[in-house]
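> Pasting the sequence and the predicted coordinates here, then a few questions.
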Amino acid sequence: MKSSERLFFKKHKAQIWVETVIYILIAFVMIGLVLSFVKPKIEELRDKAIIEQSIEIMNNLDNIFSEMLIPGNKRVVEIGIKKGEFIIVASEDRIEFEIQSRYLYSEPGETIYVGNLNVTTTDLGKYADVKITRDYSSQYNIAYQNSEETKIITKSSVPYRFVITNEGEDVSGKIKINMDLM
């Protein structure tokens with residue numbers, strides 16, 4: 001084999017490697033472009049599912065409170081929080097769930113009613129703040145660990161276990177519901 005033939009084969013092999021690297025780079029760019037459009041949509045769908053599950057959890061709590069008619073009655077409830085915050089505002093007898101989401105659950109600035117729940121969406125630009133609220137002030141005196149403090153429960157990989165107790169009527173005639181973490 002002559003030196004000119006060897007040079008031709010070396011150039012040909014180098015050209016194959018350059019083409020391979022270019023094709024791989026093009027594939028990575030295409031994958032990156034697809035992910036840049038698909039990832040926000042996936043996050044939006046995940047947030048929508050979390051909001052709907054939170055509404056279901058809060059409706060279940062509402063049902064549990066109304067079923068606990070006898071003083072001393074206790075229930076253990078598991079509440080999973082994957083994203084957002086579950087807030088017990090004991091001083092105002094209110095329970096809230098708040099999440100920063102890519103999903104707009106309702107028109108920004110508008111409060112919608114889902115059963116006994118108020119859902120308010122606030123537009124924050126790239127994200128929205130969705131707040132689900134249930135006010136119990138007309139029926140129950142909500143307490144956290146027998147106090148009127150506000151308790152913020154954040155996301156966790158394992159569900160929280162609450163013991164919910166009917167403590168009987170307070171001086172105002174409302175049923176006192178105490179919530180404790182196990």
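Right, received. Where do you want to start? Residues are numbered from 1 along each chain as shown.
> does the most centrally placed residue in the chain count as helix, strand or coil?
By C-alpha atoms, centre = their mean, the chain has its centre lying nearest to residue 83, at 3.4 Å. Here residue 83 is recorded as coil under DSSP: H, G, I helix; E, B strand; the rest coil.
> likewise residue 143?
strand.
> how about it, what does it touch?
Shown in contact with residue 143 (C-beta atoms under 8 Å, 6 or more residues apart in numbering): 90, 167, 176, 177, 178, 179. Where you see a C-beta, it was placed from the backbone N, CA and C, and this is true even at glycine.
> Can you tell me which of those residues is nearest residue 69?
Closest approach between these and residue 69, by C-beta to C-beta: residue 177, at 11.8 Å.
> measure that closest one to residue 81 for me?
20 Å (C-beta to C-beta, to the nearest Å).
> With residue 116 instead?
21 Å.
> Compare neighbour counts for these two and give me the winner.
residue 81 (21 against 12; other C-beta atoms under 10 Å).
> and the closest residue in space to that one that isn't next to it in sequence, backbone torsions?
Residue nearest to residue 81 in three dimensions, not counting chain neighbours: residue 155, with 4.9 Å by C-beta to C-beta, 6 or more residues apart in numbering. For residue 155, the backbone dihedrals (degrees, to the nearest 10) come out as phi -60, psi 150.
> Can you give me the buried ones in stretch 111-130?
117, 118, 119, 120, 121, 127, 128, 130 (16 or more other C-beta atoms under 10 Å).
> Appreciated, that's everything.
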